[in-house]
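*Asks:* dropping a prediction and its sequence here:
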Amino acid sequence: MPDAKQVRRWRQYLADERAEAAVYRDLASRRTGEEREILLALAEAERRHEDHWLALLGDQVGKPLRGDVRTRMLGWLARRFGSVFVLALAQGAEARSPYEADTDATRTMAADERVHEQVVRGLAARGRARLSGTFRAAVFGANDGLVSNLALVMGIGATGVATPIILATGVAGLLAGALSMAAGEFVSVRSQRELLEASNPSEDSQLALPNLDVNANELALVYRARGMSEADAVAKARRTIENLQANPTAESPVADQHEEIGSATGAATSSFLFFSSGALLPVLPYLFGLQGITAVIVSAVVVGLALLATGAVVGLLAGGPPLRRALRQLAIGYGAAAVTYLLGLAFGAVGV
């Protein structure tokens, strides 16, 4: 007979499995096609794990418990957003499974959880690939605005100049940085799109594929140019042409699929607006009439909170721990501001 400690642990495992299955069902309700099927299959796997704990508990199941805090939070987010951020958090949750160290869980269950982490990682990667350049520009634009203008305002403020000069400097830094970021994003995204377009197979070449000779065709050269071995290229070219000749209206598999990068104008606009919003925060205390060390402290606190938020978002996008990335972003921002503040003090002391 299991002891009371085992029963409590099994009941918590049961609650966690039910909560995780609910998360996957909620995510599946916001998707269609293959992704929906994959998420529902994950939910079914969690249900099999539920059955294991139900069998062990027998008549000691008791009242249903609530899943752990992380899983309940995932469920709340999944029901309201269903985004790549939820998948990134779910990926981390699967990686923390305790089953490998628990002899009451089967080796199959432990292996399932490891594979689930890879499945969720793949779904999260799909979501990250669909994030447009506009969203990326927004996140990094806001972060750059926070760090650069905080450092500028604190450096100038430390020299001891009057508040109107600090305010004018902060506004100038906001405008100069926002325009620079917008121009850089426009050129970057436009150039990337042009490079991708140049790499895509032309439509004319796609139309010619069904007319190629199966036994001697040039399509194999295309695959070899893309890095395939001669034997694999010939085999794939033969399959492609035979399929197209049998079904001429089918979509050709030769076309490259590129990551959605958004429009150059959208990325530039997003970068300008979000850099401006980030760069505005260090200036706010001076706009509201604060001066001296009070303004410096309030500016640093406001920007610090914003840096924690943007760092956490970047961490989720990268699939890393959001708290660690948030703290790293805070350290970088405060480090840059501290350097410019000390330089400002030095220049102010010598009357420069």
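*Replies:* Yep, it's here.
*Asks:* by residue count, which helix of the chain is the longest?
*Replies:* helix 163-199 (DSSP state H).
*Asks:* check which element follows the helix or strand of the chain with the lowest mean pLDDT along the chain.
*Replies:* Of all helical and strand segments in the chain, the minimum by mean pLDDT, DSSP states H and E falls on helix 203-208, at a mean of 51. Per DSSP states H and E, the first helix or strand lying C-terminal to helix 203-208 is helix 219-225.
*Asks:* I'd like the distance between Arg31 and Arg25.
*Replies:* 11 Å (Cβ to Cβ, to the nearest Å). Every residue, glycine included, has its C-beta placed from N, CA and C.
*Asks:* same question but for Thr265, I mixed them up
*Replies:* For Thr265 relative to Arg25 (Cβ to Cβ), the value is 39 Å.
*Asks:* contacting residues around Thr163?
*Replies:* Thr163 makes contact with Tyr286, Gln291, Ala295, according to Cβ atoms under 8 Å, 6 or more residues apart in numbering.
*Asks:* pull the number of nearby residues for the residue lying closest to the first one once chain neighbours are set aside.
*Replies:* Meaning Tyr286. In this structure, Tyr286 finds its nearest non-sequential neighbour in Leu167, 4.5 Å apart by Cβ to Cβ, 6 or more residues apart in numbering. Using other Cβ atoms under 10 Å, Leu167 has 18 other residues around it.
*Asks:* residues contacting Leu167?
*Replies:* Each residue near Leu167 by Cβ under 8 Å, 6+ apart is listed here: Val283, Tyr286, Leu287.
*Asks:* coming back round to it: closest to Val189 among the contacts of Thr163?
*Replies:* The closest of the contacts of Thr163 to Val189 turns out to be Tyr286 (Cβ to Cβ; 33.8 Å).
*Asks:* run a quick neighbour tally on the closest one.
*Replies:* With other Cβ under 10 Å as criterion, Tyr286 counts 23.
*Asks:* tell me the secondary structure at Gly62.
*Replies:* Assigned by DSSP: H, G, I helix; E, B strand; the rest coil, the conformation of Gly62 is coil.
*Asks:* tally up the residues packed near it, please.
*Replies:* 11.
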